[in-house]
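Participant: Show me how the following folds:
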Amino acid sequence: MTRIDDLRRQKDEYFGRDPGSPLTGPQRSDFRGLRYFPEEPALRLEVDLEPPDDPSPLDVQTSTGDVQTYVRVGRFGFAVNGHAAALTIFEGQHGLFLPFVDALAGTDTYPGGRYLEPERLASGRYVVDFNLAYNPYCAYNENWSCPLTPFENRLGVPIRAGEMIYRGSH
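Facilitator: This is a model prediction of the structure:
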């Protein structure tokens, strides 16, 4: 079992059994696990960031109409199956934050996007592991408030890694 497999098993157990789960009671009673893309080692990246063009704070609306403030840490470019892409890493009150929407949004991935928490390395580089991409809690229950993905992090390429769209029990 890989580290990713173990994390996914732990998450499924939490979602299915813990009262703090974003799933409602009826959803938990019928829960059979989340769906994930197969682990893709090529989508675990170590990246350098370019300084942000605009270092001013960014107010991001949430799914419930609230506003959360983030600052742009930097932007990185990468390739997915030969297609160029770029994303911005933000920092907020809970640390590093990478929301993104990919080309599979609405079919295989949650339409509002998925999230990552990149890891800052001692070297100054960042680990961005798309295998850890997850749906925001509002994907399961509209009572949760989730930041909406900024326009600059909407990709035209598919990211076939991480958590897939939630369709209830399967």
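
Participant: Report all helices and strands that the biggest helix by length in the chain contacts.
Facilitator: What stands out as the longest helix in the chain, according to DSSP state H, is helix 3-17. Secondary-structure packing of helix 3-17 (3 or more Cβ pairs under 8 Å, 6 or more residues apart in numbering; DSSP states H and E): helix 25-29. C-beta here means a position set from N, CA and C on the backbone, and glycine is covered the same way.

Participant: what secondary structure does the most centrally placed residue in the chain sit in?
Facilitator: With distances taken as Cα atoms, centre = their mean, the residue of the chain nearest its centroid is residue 115 (1.6 Å). Secondary structure, DSSP: H, G, I helix; E, B strand; the rest coil: residue 115 is strand.

Participant: Could I get the buried residue list for the longest helix of the chain?
Facilitator: 4, 8, 11, 15-16 (16 or more other Cβ atoms under 10 Å).

Participant: And the next helix or strand past the least confident helix or strand in the chain by mean pLDDT?
Facilitator: Least confident helix or strand, the chain: helix 25-29 with a mean of 91, by mean pLDDT, DSSP states H and E. Downstream of helix 25-29, the first helix or strand assigned by DSSP states H and E is strand 44-47.

Participant: centre of the chain versus the next helix or strand after that following strand, how much separation?
Facilitator: Going down the chain from strand 44-47, the next helix or strand is strand 58-61, by DSSP H and E. If you compare the mean C-alpha spot of strand 58-61 with that of the full chain, they lie 17 Å apart, counting by Cα atoms, centre = their mean, to the nearest Å.

Participant: Now do strand 58-61, average pLDDT.
Facilitator: For strand 58-61, mean pLDDT is 94.

Participant: what's next to that strand, contact-wise?
Facilitator: Contacts with strand 58-61, where a contact means Cβ atoms under 8 Å, 6 or more residues apart in numbering, come from 67-72, 90, 147-148, 150.
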